[in-house]
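Colleague: sequence below, structure please.
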Amino acid sequence: MLADTDAGSVITAAQSGAVWGYNLLLLQIILVPILFIVQELTVRLGIVTGKGHGELIKEKFGPVWAWISVGTLTIASFGALITEFAGIGGVGLIFGIPLWASVGVSIIFLAVVALTGSYRSVEKIAILIGSFELAFVLVAVWAHPNIDVILTGMAQIPWKNSDYLYLAAANVGAVIMPWMIFYQQSAIVDKKLKISDLHASRWDTMIGAILTQIIMAAVLIAAAATIGTSDPGVPLNTVQQLTKALTPFLGNTFGTIAFSMGIIGAGMVAAIVVSLAMAWGLGEVTGYKHSLEYRPLDAPWFYAIYVLGLVLAGLWVISGTNLINLSVGVQIMNALLLPIVLGFLYVLALKVLPEKYKLKGIKAVFVGIVILLTSGFGVFAVLNTLL
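Modeller: Prediction:
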């Protein structure tokens with residue numbers, strides 16, 4: 001769930017605070033239970049069936065629909081990887097490090113982590129790196145936000161404004177992503193969790209959902225309390241611009257280091273998760289060996305896809321791209337893909353689980369309504385803006 005607050009999500013939250021102040025903060029809170037509902041279904045499917053998401057879709061709906069699902073995963077994963085490296089590269093530029101150097105070192109580090117470790121070791125390294133994101137909470141506290149202004153801003157929702165709805169949809173796509181469903185279900189299978197682990201895994205997921213949204217809210221609050229107050233309504237264009245906008249309020253040294261640590265933590269942990277999700281998902285559909293428990297020579301396609309995704313995304317970033325616009329655009333793409341991703345997840349929870357664990361009754365209706373509203377809102381908000 002630390003990877004869920006990736007570099008693109010952080011930038012989207014910062015853009016939200018800079019342009020709309022605290023108007024999008026309530027949405028971050030609303031997304032906590034929705035995020036838990038989605039990921040709890042993923043946990044349940046993984047533990048009870050012992051199969052990955054792509055594998056279950058292939059079994060239930062056939063190879064064509066499995067490829068469609070994995071196609072959405074691949075598109076979303078590649079877009080996410082680009083934003084991760086763009087964020088890391090942007091931080092490097094702040095310290096005078098060339099884009100090719102910071103991105104290149106990151107790719108080498110991430111490749112070595114996967115090629116030389118088991119799932120457990122990779123997970124521990126990812127959590128350690130991702131914990132740097134907690135720096136955003138310090139940044140939000142240090143910004144000294146006004147509580148009354150926060151509450152007033154949260155109560156003001158300009159739902160008729162198409163620009164507001166567009167950024168709201170981006171926030172939904174920044175929190176609920178196709179790759180996180182594939183990743184969590186495959187990770188559960190790779191860890192060989194059993195039915196006895198279901199209760200603990202649900203708590204793990206709940207804590208993660210709360211933590212990731214605390215980080216998103218912290219970034220939004222920090223941006224709203226600083227940039228959104230001094231220069232309200234003005235969008236950001238680069239990571240350097242965001243950092244420079246924060247440092248006058250937070251102090252040059254503290255602001256730069258804290259924000260940089262957060263972006264690097266978000267980008268690196270997400271790059272690991274996204275690459276693994278893509279390699280796992282394609283493996284589940286094609287049938288090649290797909291586990292970190294295999295050595296590289298025993299599962300060459302799995303590791304090749306993992307490294308290839310990193311390299312291609314890194315090359316895209318080095319070629320030059322606008323991080324802010326790209327980050328928001330990737331989240332919008334995620335929002336548009338939600339009807340497919342959440343639709344499969346919901347039907348699988350209804351159809352493939354044993355009676356004891358199956359989604360049914362009033363709970364099934366409630367979850368169905370939540371999924372319908374969540375995926376429908378993203379599509380509506382984007383179409384409303386474009387049309």
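
Colleague: where do the strands of the stretch 1-150 of the chain begin and end?
Modeller: Remark: no strands are assigned in the stretch 1-150 of the chain by DSSP state E, counting those that start in this stretch.

Colleague: can you map out the helices along it?
Modeller: Per DSSP state H, counting those that start in this stretch, the stretch 1-150 of the chain carries helices over the ranges 7-20, 25-49, 53-61, 63-94, 99-116, 119-130, 135-142, 147-155.

Colleague: point out where the stretch 101-250 of the chain drops to low pLDDT.
Modeller: 230-250 (pLDDT under 70).

Colleague: circling back to that earlier point, nearest to Gln331, out of the helices of the stretch 1-150 of the chain?
Modeller: Set against Gln331 and scored by CB to CB, the helices of the stretch 1-150 of the chain come closest in helix 7-20, at 5.1 Å. No exception for glycine: its C-beta is placed from N, CA and C like everyone else's.

Colleague: and the average pLDDT for the closest one is what?
Modeller: Taken as a whole, helix 7-20 has an average pLDDT of 86.

Colleague: what is the burial count for Ser121?
Modeller: Neighbourhood size, Ser121 [other CB atoms under 10 Å]: 13.

Colleague: against Tyr164, how distant is it?
Modeller: In this view, Ser121 and Tyr164 are 44 Å apart by CB to CB, to the nearest Å.

Colleague: ok, the residue nearest to Glu55 when sequence neighbours are not counted - contacts?
Modeller: With sequence-adjacent residues excluded and distances taken as CB to CB, 6 or more residues apart in numbering, Glu55 is closest to Glu284, at 4.1 Å. Counting by CB atoms under 8 Å, 6 or more residues apart in numbering, Glu284 touches Lys51, Gly52, His53, Gly54, Glu55, Lys58, Ala66, Val70, Ser186, His290.

Colleague: Ile47 now?
Modeller: Ile188, Leu193, Lys194, Ile195, Asp197, Leu198, Ser201.

Colleague: determine which two of these are furthest apart.
Modeller: Maximum pairwise distance among the contacts of Ile47 (CB to CB): 11.6 Å, between Ile188 and Ile195.

Colleague: the two: which is more packed in?
Modeller: Neighbours per residue (other CB under 10 Å) separate Ile188 from Ile195, with Ile188 holding more: 25 against 11.

Colleague: what helix or strand is the residue nearest to Glu55 located in?
Modeller: Under the criterion of DSSP states H and E, Glu284 resides in helix 252-286.

Colleague: show me which residues of that helix are buried.
Modeller: Neighbour counts over helix 252-286 (16 or more other CB atoms under 10 Å) mark 255-286 as buried.

Colleague: go on, stretch 46-63?
Modeller: Buried-residue list, stretch 46-63, by 16+ other CB under 10 Å: 46-49, 51-58, 61.

Colleague: also stretch 204-213?
Modeller: Buried residues in stretch 204-213 (16+ other CB under 10 Å): Thr205, Met206, Gly208, Ala209, Leu211, Thr212, Gln213.

Colleague: with stretch 92-106 instead?
Modeller: Neighbour-count burial for stretch 92-106, counted by 16+ other CB under 10 Å, picks out Gly92, Ile94, Leu99, Ser102, Val103, Gly104, Ser106.

Colleague: dump that stretch to CSV, restricted to CA.
Modeller: C-alpha atoms of stretch 92-106 as CSV (Å, rounded to 0.1, in the frame of the first residue of the first chain):
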residue,chain,number,x,y,z
GLY,A,92,18.1,14.3,-9.0
LEU,A,93,17.9,17.5,-11.0
ILE,A,94,17.3,19.4,-7.8
PHE,A,95,20.7,18.3,-6.6
GLY,A,96,22.4,18.8,-9.9
ILE,A,97,22.5,15.1,-10.9
PRO,A,98,21.9,14.5,-14.6
LEU,A,99,18.6,12.7,-15.5
TRP,A,100,20.4,9.7,-17.1
ALA,A,101,22.5,9.2,-14.0
SER,A,102,19.7,9.2,-11.4
VAL,A,103,17.4,7.1,-13.5
GLY,A,104,20.2,4.7,-14.6
VAL,A,105,21.3,4.1,-11.0
SER,A,106,17.7,3.5,-9.9
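
Colleague: got the contact list for it?
Modeller: Applying CB under 8 Å, 6+ apart, the external contacts of stretch 92-106 come out as 85, 88-89, 91, 239-240, 243, 256, 260, 267-268, 271, 314, 317-318.

Colleague: on that earlier part again, following the helix holding Glu284, which helix or strand shows up next?
Modeller: Per DSSP H and E, the first helix or strand lying C-terminal to helix 252-286 is helix 300-318.

Colleague: moving C-terminal from that next one, which element do we reach first?
Modeller: By DSSP H and E, the next helix or strand past helix 300-318 is helix 323-351.

Colleague: counting neighbours, which bits of that following helix end up buried?
Modeller: Under the neighbour-count criterion of 16+ other CB under 10 Å, helix 323-351 has 323-324, 326-342, 344-346, 348-349 buried.

Colleague: one step back: a markdown table please, covering the contacts of Ile47 and showing secondary structure.
Modeller: Shown next, in a markdown table, are the contacts of Ile47 (DSSP: H, G, I helix; E, B strand; the rest coil):
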| residue | secondary structure |
| --- | --- |
| Ile188 | helix |
| Leu193 | coil |
| Lys194 | coil |
| Ile195 | helix |
| Asp197 | helix |
| Leu198 | helix |
| Ser201 | helix |
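
Colleague: which of these ranks first by neighbour count?
Modeller: Greatest neighbour count in those, by other CB under 10 Å, goes to Ile188: 25 neighbours.

Colleague: show me the contacts for the residue nearest to it when sequence neighbours are not counted.
Modeller: Leaving out its chain neighbours, the residue that sits closest to Ile188 by CB to CB, 6+ apart is Gly46, at 3.4 Å. Taking CB under 8 Å, 6+ apart, we find Gly46 in contact with Gly52, His53, Gln184, Gln185, Ser186, Ala187, Ile188, Val189, Leu193.
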